[in-house]
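[1] Need coordinates for the below:
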Amino acid sequence: MQTDHKPEAERSYQAALELLERLAADFPGIPAYRRELAKGLTNLGVILEKSGRHADAVPHLRRAVALYGPLAADFPASRRIARSSPPACSTSPWPSKS
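    This is a model prediction of the structure:
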């Protein structure tokens, strides 16, 4: 991603996340909506992280991680969910594997 497009990408992700929030809330039995919400939160967190806005990135990344666990538990047969994983981040909101 080019640096000069980060503000535009952030605005686009914010708009998409608003829609995904509603879809995930209105249709909790459709895993794709929750998965896409988690992916969008992850992507927004990465954009913020790469822009040097670490404190702004962490809540989005934590929320994404919080969505992935229950999603995998609610839909264990979905391999796509199991393969989804949050990216590494210098201000990682999840414990490291030591």
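[2] could you pull out the helices for the chain?
    Per DSSP state H, the chain carries helices over the ranges 6-26, 31-50, 54-74, 79-83.
[3] Pick the most buried one from those helices.
    helix 31-50 (a mean of 21; mean count of other C-beta atoms under 10 Å). (C-beta placed from N, C-alpha, C; glycine too.)
[4] where among the helices of the chain is the average confidence lowest?
    The minimum mean pLDDT among the helices of the chain belongs to helix 79-83 (a mean of 51).
[5] Let me see the contact set for residue 14.
    residue 44 (C-beta atoms under 8 Å, 6 or more residues apart in numbering).
[6] Distance-wise, check it relative to residue 70.
    23 Å (C-beta to C-beta, to the nearest Å).
[7] Also residue 27?
    15 Å.
[8] same thing with residue 19?
    From residue 19 to residue 70 the distance is 21 Å (C-beta to C-beta).
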